[in-house]
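**Student:** the following block contains a protein sequence and its predicted model.
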Amino acid sequence: MDVQAFDFELPESLIAQTPLTDRTSSRLLTLDKSSGAIGHHTFSELIDYLQAGDTLVLNDTRVIPARLFGVKADTGAQVELLLLKELGEDRWEALARPAKRLKPGAVIVFGGGSPEDPASEPLLQATVEEEGEMGARIVRFAYQGIFREILERLGSMPLPPYIKERLDDRERYQTVYARHPGSAAAPTAGLHFTPEYLAAIAAKGVHIVTVTLHVGLGTFRPVSVDRVEEHTMHEEYYSVPPETAAALNAAKAEGRRVVAVGTTSARTLETVAGRFAGKPVEACDGWSGIFIYPGYTFQLVDAMVTNFHLPKSTLVMLVSALAGSDSIRRAYREAVENKYRFFSFGDAMFIY
């Protein structure tokens, strides 16, 4: 399958730079995956498309201030690290820029200790231990105190590179239900919900449950091959609690819909479905490297709330697997024609 089949023209003016003041006021394009019918609404109307008995699955990961700016201890050259995966014992997988300056043994300092100010003690120090592909590095941190507190002090929110505007309120790049720190990017489909809106959805009889998938390189790593089948997903940590497993099993046994909020929730659900191979799912955790593209048969997910994604991305491939490539191409073309806002802070789509 050719990666170019998932390309489309997108005017730069449609890339949302800032979140809307009211989370639920974004636009909502609805797509009936059976008929291909498209509708245009506001996100506040999603509740009309949800049914009593639906199970709505949220990803409750929390974005950490994963972008660190420092300097090489020996030369003072500026370096950026984007933390992707915690490996234990103060070791992290990270994306480095410029990676060519960071060979094994290189030391990066943050918050002091630069060659220009050698007398000051750095708050944080990282030593490169291994090189990976596409700028990935394994680094080990050294510090005094609590790492998360230091990260909150020194780090910045890892906004995608296509967002040029400054984000003054960090919480606008968090879902209102974010609980478990660990993501390098927000599960952006969830940014449209407010506590009040979730309460109204629950009052309609929709069962709301959570999973956790810490968004890392697997979600936003670009596809650099020509054939879809040759792309390898990067693994991301997931967790499914007992109450969610029970709700999923009940929904499937009773023929009720499972609605994933975002591609990360969908990938978690399908990972778990594959892990238990047609049997009732159980509470579990692990690492997901599932790659969903057209030809895949969904086992748990019946419908999905999602944003509009980058051309040729694995996320466009996933929604194409759910709704059909022709329907997604037509829906995206209509979204562009109607000037929907795209990507992280953009508008939403409901595939049902």
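**Tutor:** Structure received.
**Student:** hey, which strand is longest across the chain?
**Tutor:** Counting by DSSP state E, the longest strand found in the chain is strand 78-88.
**Student:** got a list of contacts for it?
**Tutor:** Strand 78-88 has contacts (CB atoms under 8 Å, 6 or more residues apart in numbering) with 64, 66-72, 92-98, 101-102, 108, 126, 136-139, 151, 155, 158, 182, 184, 214, 216-217, 236-237. For the C-beta atoms, the positions are set from N, CA and C on the backbone; glycine is no exception.
**Student:** show the average pLDDT along it.
**Tutor:** Mean pLDDT, computed over strand 78-88, is 94.
**Student:** tell me the angle the following helix or strand past that strand makes with strand 78-88.
**Tutor:** Following strand 78-88 in sequence order, the next helix or strand is strand 91-97 (DSSP states H and E). Orientation check (axes from the mean of the first three to the mean of the last three CA atoms, to 10 degrees): strand 91-97 against strand 78-88 gives 160 degrees.
**Student:** just the buried residues of strand 91-97, please?
**Tutor:** 91-96 (16 or more other CB atoms under 10 Å).
**Student:** how much distance is there from stretch 214-226 to the middle of the chain?
**Tutor:** Here the centre of stretch 214-226 is set off from its chain's centre by 10 Å, with CA atoms, centre = their mean, to the nearest Å.
**Student:** just stretch 46-64 next, same as before
**Tutor:** What separates the centre of stretch 46-64 from the centre of its chain is 15 Å, taken as CA atoms, centre = their mean.
**Student:** what does stretch 45-56 give?
**Tutor:** On the basis of CA atoms, centre = their mean, stretch 45-56 sits 23 Å off its chain's mean C-alpha point.
**Student:** buried subset of the contacts of strand 78-88?
**Tutor:** For those, a neighbour count by 16+ other CB under 10 Å gives the buried set as 64, 66-68, 70-72, 92-96, 102, 108, 126, 136-139, 151, 155, 158, 182, 184, 214, 216-217, 236-237.
**Student:** what lines up beside the longest strand of the chain in the sheet?
**Tutor:** strand 67-72 (antiparallel), strand 91-97 (antiparallel) (DSSP bridges).
**Student:** enumerate every residue touching His207.
**Tutor:** 53-56, 247, 251.
**Student:** among these, who's most crowded?
**Tutor:** Ranked by neighbour count (other CB atoms under 10 Å), the contacts of His207 have Leu56 at the top, with 24 neighbours.
**Student:** phi and psi next, for that one.
**Tutor:** The phi/psi pair for Leu56 (degrees, to the nearest 10) reads phi -100, psi 120.
**Student:** what does His207 give?
**Tutor:** With angles defined as degrees, to the nearest 10, His207 sits at phi -80, psi 120.
**Student:** give me the pLDDT for it.
**Tutor:** Looking at His207, its pLDDT is 98.
**Student:** and the helices in the stretch 1-150 of the chain, which stretches?
**Tutor:** In the stretch 1-150 of the chain, helices defined by DSSP state H, counting those that start in this stretch lie at 46-49, 147-154, listed in chain order.
**Student:** which one of the ones you listed lies closest to Pro294?
**Tutor:** Of all the helices of the stretch 1-150 of the chain, the one in closest proximity to Pro294, counting by CB to CB, is helix 46-49 (23.8 Å).
**Student:** now do the buried residues in the closest one.
**Tutor:** For helix 46-49, a neighbour-count test (16+ other CB under 10 Å) marks 46, 49 as buried.
**Student:** just after the least confident helix or strand in the chain by mean pLDDT, pick out the following helix or strand.
**Tutor:** Taking mean pLDDT, DSSP states H and E as the measure, the helix or strand of the chain with the lowest value is helix 217-220, at a mean of 68. Downstream of helix 217-220, the first helix or strand assigned by DSSP H and E is strand 236-240.
**Student:** packing partners of that next one?
**Tutor:** Strand 236-240 is packed against strand 207-213, helix 217-220, helix 263-276, strand 284-288, with contacts defined by 3 or more CB pairs under 8 Å, 6 or more residues apart in numbering; DSSP states H and E.
**Student:** please put the alpha-carbon coordinates of the helix or strand that it is followed by into CSV.
**Tutor:** Next helix or strand after strand 236-240 toward the C-terminus (DSSP H and E): helix 242-253. This file holds the C-alpha atoms of helix 242-253, laid out as CSV (Å, rounded to 0.1, in the frame of the first residue of the first chain):
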residue,chain,number,x,y,z
PRO,A,242,-10.3,-3.4,36.1
GLU,A,243,-13.4,-1.3,35.9
THR,A,244,-12.6,-0.4,32.3
ALA,A,245,-12.1,-4.1,31.4
ALA,A,246,-15.4,-5.0,33.0
ALA,A,247,-17.2,-2.2,31.1
LEU,A,248,-15.8,-3.3,27.8
ASN,A,249,-16.7,-6.9,28.3
ALA,A,250,-20.3,-6.0,29.3
ALA,A,251,-20.7,-3.7,26.3
LYS,A,252,-19.5,-6.3,23.9
ALA,A,253,-21.6,-9.0,25.5
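**Student:** circling back: among the contacts of His207, which one sits closest to Gly262?
**Tutor:** Among these, Leu56 lies closest to Gly262 (CB to CB), at 11.1 Å.
**Student:** for the closest one, give the beta-bridge partners.
**Tutor:** Beta-bridge partners recorded for Leu56 (DSSP bridges): Ile208, Val259.
**Student:** contacting residues for it?
**Tutor:** The contact partners of Leu56, taken as CB under 8 Å, 6+ apart, are 50, 201, 206-209, 259, 261.
**Student:** since that was my last question, I'll sign off now.
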